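[1] Return atomic coordinates for the entry below.
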Amino acid sequence: MNEFDLIAEIKARAPVGSGVVLGIDDDAAVLQPSPAMQLVATTDNLVGGRHFVDAGDDRAAPEEIGHLALAVNLSDLAAMGATPRWCLVTLTLPEADPAWLRAFLDGFLPLAAEHDCALAGGNIARGPLNIGVTALGEVPAAEFATRSGARPGQRIAVTGTLGDAAAGLKLGKAAGGALRARLLKPVPRIAAGRELAGIAKAMIDISDGLLADLAHLTGELGAEIRCDRLPTSSALAEAVPEPRERWPLQFSGGDYELLALVAEESELPATVGGIELTEIGRITASGEIVCLDAGGNVVEAAGSGWDHFD
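    Numbering: from 1, shown residues only. Okay, here's the model as predicted:
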């Protein structure tokens, strides 16, 4: 099977989506945005051995890689308050393996269909395993969320639970299904992002780690984070019963939850997009991010985030 056979396999399985004037098989896709909407674009790539395990007993399945490759991009759209519309995928594969490609699509295409995100094109090449995805979404004019806008006194809130992905990575297959799923099959918080965009002064998805991503929002400001308020899943609590042992995991990233700053006087909803929203701290003028326990004591070992060049 050659490159064009693989492309034909993809085209046969990828439905032509709304707004795709010209899609797979041409030099470029032609897309029709909706009236009065602005286009939101993001891109990310996954490198075998760097972003997922590609060898040994803990290696990621092609279905998991397919889901993850699209999910991390849709999460960026969620952080902007955008609705997914289209995506492009670049596959660099060690060999033309139709079975691997079909399994990859088994993870990629259902997530795309769930969010009405049409696969409109891409590229295939030979080389070390690397998957690049570009996702395009729409948002009503000037109603997108950004990373700017932090002010002292704002409340810091997160969707869902934290630490599951890091536990899934640390414990491997011994972590159990729920934690491993959070690592390799994260759920993009699209509906939550749309709701939060209406009240958030700043927003980001938690990919690199809570503290690292919060620092992108605070800039020269600071923050106080209450470790005892970090939302914890039952699966993580069972795997790591001691709270202080969980905290480093909950700051380690990979959960793809949304982190939002909300004005002090604004009402914080209990849920957004059907997902729990938890207040975990406040923005301060201190210039540093401080983690505290329930007694107000500083927690020194809060864990580190992800660095793409570390």
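[2] now the strands for the stretch 151-300 of the chain?
    All strands of the stretch 151-300 of the chain, identified by DSSP state E, counting those that start in this stretch, fall at 155-159, 200-205, 222-226, 258-262, 271-272, 275-284, 289-292.
[3] mind checking which of those is nearest Ile124?
    strand 200-205 (27.9 Å; CB to CB). All C-beta atoms are positioned from the backbone trio N, CA, C, and that covers glycine.
[4] Return the alpha-carbon coordinates of that closest one using CSV.
    Output of strand 200-205 as CSV, limited to C-alpha atoms (Å, rounded to 0.1, in the frame of the first residue of the first chain):
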residue,chain,number,x,y,z
ALA,A,200,-14.2,34.5,32.0
LYS,A,201,-11.8,37.4,32.1
ALA,A,202,-9.1,35.0,30.9
MET,A,203,-9.0,31.3,30.1
ILE,A,204,-6.6,28.5,29.1
ASP,A,205,-6.7,24.7,28.8
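[5] So for the longest helix along the chain, mean pLDDT?
    In the chain, taking DSSP state H as the definition, the longest helix is helix 62-80. Across helix 62-80, pLDDT averages out at 97.
[6] quick one: it to chain centroid distance?
    6 Å (CA atoms, centre = their mean, to the nearest Å).
[7] Packing partners of whichever helix or strand comes after it?
    Per DSSP states H and E, helix 62-80 leads on to strand 83-93 as the next helix or strand towards the C-terminus. In terms of contacts (3 or more CB pairs under 8 Å, 6 or more residues apart in numbering; DSSP states H and E), strand 83-93 is packed against helix 62-80, helix 98-114, strand 118-126, strand 130-140, helix 190-196.
[8] Of all those, which one comes closest to Asp228?
    Of all those, helix 190-196 comes closest under CB to CB, at 23.3 Å.
[9] With distance to Gly160 and mean neighbour count added, can I get the helices and strands packed on strand 83-93 in CSV?
    Listed next are the helices and strands packed on strand 83-93 as CSV, based on distance: least, CB to CB, whole Å; neighbours: other CB atoms under 10 Å:
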stretch, distance to Gly160, mean neighbour count
helix 62-80, 12, 25
helix 98-114, 17, 18
strand 118-126, 27, 19
strand 130-140, 20, 22
helix 190-196, 8, 23
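[10] Distance to Glu3 added to these, as JSON lines?
    Formatted as JSON lines, the helices and strands packed on strand 83-93 follow (distance: least, CB to CB, whole Å):
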{"stretch": "helix 62-80", "distance to Glu3": "18"}
{"stretch": "helix 98-114", "distance to Glu3": "11"}
{"stretch": "strand 118-126", "distance to Glu3": "5"}
{"stretch": "strand 130-140", "distance to Glu3": "15"}
{"stretch": "helix 190-196", "distance to Glu3": "32"}
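[11] Point out the most buried one among the strands of the stretch 151-300 of the chain.
    Neighbour counts (mean count of other CB atoms under 10 Å) averaged over each of those peak at strand 258-262, with a mean of 26.
[12] pLDDT on that one, on average?
    pLDDT averaged over strand 258-262 gives 99.
[13] Can I get it as CSV, trimmed to CA atoms?
    Output of strand 258-262 as CSV, limited to C-alpha atoms (Å, rounded to 0.1, in the frame of the first residue of the first chain):
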residue,chain,number,x,y,z
LEU,A,258,-10.2,24.5,31.5
LEU,A,259,-8.7,27.1,33.8
ALA,A,260,-10.7,30.3,34.0
LEU,A,261,-10.4,33.7,35.8
VAL,A,262,-13.7,35.1,36.9
